[in-house]
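Chemist: Return a 3D structure for these sequence lines:
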Amino acid sequence: MEKNKVLTIALVAVVVSLVGGLIMGGSFAESRHKLSELPKPEVSEGQRGQLGIDKNINESNIDLYLNRSDSVYIDVRMLEDPASYEKIDGDRYLSGYVKGFEVVPYPYLTNVVGLPEAVGKTYEGKTLYHQDDEGNYTANYKESQQILEDLFPKDKNIFLMCGGGGYSGMTKQLLTKLGWDGDKIYVVGAYWSYAGVNNVEVKQKDDEGNVSYAFWKVPYHDIDFDELTEL
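Modeler: Just a heads-up that it's a prediction; the model follows:
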């Protein structure tokens, strides 16, 4: 009799645990659903707004929006940019990045226009597209559109970052002009101003003060133009 009583108590405990788990699981799922709602992109005021940097999601709080399954995270800097960004307190090297971001250099997507005069010229080699003086884009290769869609999926939210904000704003301009939904693209600002906990250091210095860059850490997407079909 005592044995049956113990079994009954144990069974009740299991049932209560399962029911509690379902309730808590439902609440957790509901909470995650609420967290998945993103504000629509909203441009900041002032100079940051001129670069297209978002008011609500930027380098100050991007850590809160990382690792989402409905999003991709793209840093559009070059590993080593020919432009002298040090002249505007930047860094022409990709000295670090935010964990979760992958690197797709904007200067490989289209010719760069509108850089600050002080930094000089950036990369001027082959690009997927050509931008004319009126801001229209023409594909240079048969595969250009497919590459762009693979790197920047249209069915995902796209978070764009670079050193100071310029390249990422230019990337959003390119994508929206070519048919992407601008309400799903967030220009999240400047890595140079990022102070969060997900920083991955690429720039390193040895005991003698010699500087090197651990580019092997970087999740980098290369575009081999020699393998593409010119139009």
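Chemist: For stretch 60-72, could you pull out the residues that count as buried?
Modeler: By neighbour count, with 16 or more other CB atoms under 10 Å as the criterion, the buried positions of stretch 60-72 are 62-63, 65, 71-72. For glycine as for every other residue, the C-beta is placed from the backbone atoms N, C-alpha and C.
Chemist: Which residue comes closest to residue 215 once chain neighbours are left out?
Modeler: Nearest in space to residue 215, with sequence neighbours left out and distances taken as CB to CB, 6 or more residues apart in numbering, is residue 79 at 5.4 Å.
Chemist: Give me the neighbour count for that neighbour.
Modeler: Burial of residue 79 is recorded as 14 neighbouring residues (other CB atoms under 10 Å).
Chemist: now swap in the one 5 residues further on and tell me
Modeler: Residues contacting residue 84 under the criterion other CB under 10 Å number 15.
Chemist: Ok, the one 10 residues further on next?
Modeler: Neighbours of residue 94 under the rule other CB under 10 Å: 24.
Chemist: can you map out the strands along this protein?
Modeler: For the chain, strands defined by DSSP state E occupy the ranges 71-75, 96-98, 102-103, 129-131, 137-139, 157-162, 185-190, 199-201, 203-205, 211-213.
Chemist: Can you pick out the most distant pair from the buried residues of stretch 60-72?
Modeler: 63 and 72 (16.6 Å; CB to CB).
Chemist: hang on, the earlier thing: ok, now which ones touch the residue nearest to residue 215?
Modeler: Under the criterion of CB atoms under 8 Å, 6 or more residues apart in numbering, the contact partners of residue 79 comprise 93-94, 103, 105, 213, 215, 218, 220.
Chemist: Would you mark the buried spots in stretch 72-91?
Modeler: Under the neighbour-count criterion of 16+ other CB under 10 Å, stretch 72-91 has 72-78, 81, 83, 85, 90-91 buried.
Chemist: from the chain's centre, how far out does it sit?
Modeler: How far stretch 72-91 lies from its chain's middle: 14 Å, per CA atoms, centre = their mean, to the nearest Å.
Chemist: Next: stretch 222-231.
Modeler: With CA atoms, centre = their mean as the basis, stretch 222-231 stands 24 Å off its chain's centre.
Chemist: Poorly predicted segments of the protein, please.
Modeler: Under the criterion pLDDT under 70, the flagged ranges of the chain are 1-36.
Chemist: Outline the domain layout of it.
Modeler: With domains defined by automatic domain parsing, the chain comprises 1-37, 46-227.
Chemist: Distance-wise, check the residue nearest to residue 215 relative to residue 99.
Modeler: Using CB to CB, to the nearest Å, residue 79 is found at 17 Å from residue 99.
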